[in-house]
Every structure is written in C-alpha cells, then in structure tokens.
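[1] 3D, please:
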Amino acid sequence: MPATRSIREAAALLEHCAVFVSVDNALMHCAAAVKVPRQILIESPTFGPTLEPYRRPYQLVPNPAVHGRNLEYYRYDGRGIRGTPEELTRCMRSVTPDAVFAALSGVLSQ
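    Below you'll find the model as predicted:
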C-alpha cells in the first residue's frame, strides 16, 4: 500500500481496491467501511467474532498455531495480548504464503 499521511487518505485509496488482504487491524476495518468487495483475513491470535469486518463478507485464512484458542491470547480484559514477541511471531509464521495465496487465488477466480 502506498504511503499515506492520514487514515482518510488510506480509506480513499482502499475505495479503489477489489481485494484487501490483512490481519485484523484498523485498515481491515477501513476496507470494510468503504466496502472493498472482497477481503481476505489472516487469522491472528487476537481475532474473534467482535473483530470481524463489520457487516462485510470475508474469507479467513486459518492460523494453525491458533487453532481456535484465540481467548488464550486475548480476553478483552484490559491485560493486553498474552505471549512473548517471539511466541507471537512464531504463531504468525505458521500461516504459510501458500495458504494465503490459495485463498487469494480462490477469491480472484470467483
């Protein structure tokens, strides 16, 4: 994504996207707000139903290290994300480029 000076500029660029690939972050929510037609979301340890793109379809690339244990990492209790930086990095590395590419290929072929 090109450098932008504000979230408003980022949202303006997102309006021109046909597909947006990301983890659960602010730009994912911006992409949902401007109704990017297709979103691919890479599961992070903190992802859960309350963080889904609001009222927008998306395809989830499952994270094999998380495997449904998201609440072990983050419980919305004010204590922050559990896990050392090394553990979280290892967790995200468990999602392979091939898995993301397969999801992207599937979405683009529709």
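
[2] Off-centre distance for the helix or strand of the chain with the lowest mean pLDDT?
    Of all helical and strand segments in the chain, the minimum by mean pLDDT, DSSP states H and E falls on helix 70-73, at a mean of 78. Between the centre of helix 70-73 and the centre of its chain there are 16 Å (C-alpha atoms, centre = their mean, to the nearest Å).

[3] Just list what that helix packs against, helices and strands only.
    Packing contacts for helix 70-73, counted by 3 or more C-beta pairs under 8 Å, 6 or more residues apart in numbering; DSSP states H and E, involve no helix or strand. Using the backbone N, CA and C atoms, a C-beta is placed for each residue, glycine as well.

[4] Put the alpha carbons of it into CSV.
    This file holds the C-alpha atoms of helix 70-73, laid out as CSV (Å, rounded to 0.1, in the frame of the first residue of the first chain):
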residue,chain,number,x,y,z
ASN,A,70,-7.8,-17.1,20.5
LEU,A,71,-9.1,-16.4,24.0
GLU,A,72,-5.8,-17.9,25.4
TYR,A,73,-4.1,-14.9,23.8
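
[5] List the buried residues in that helix.
    Across helix 70-73, burial judged by 16 or more other C-beta atoms under 10 Å covers 70, 73.

[6] center of the protein, which residue is that?
    With distances taken as C-alpha atoms, centre = their mean, the chain has residue 23 as the residue nearest its mean C-alpha position (2.1 Å).

[7] In this structure that one contacts residue 41, no?
    Yes: contact criterion C-beta atoms under 8 Å: residue 23 and residue 41 qualify, at 7.0 Å.

[8] Confirm residue 12 sits in a strand?
    No: using DSSP: H, G, I helix; E, B strand; the rest coil, the secondary structure at residue 12 is helix, not a strand.

[9] In what element of secondary structure is residue 88 found?
    Per DSSP states H and E, residue 88 falls inside helix 85-93.
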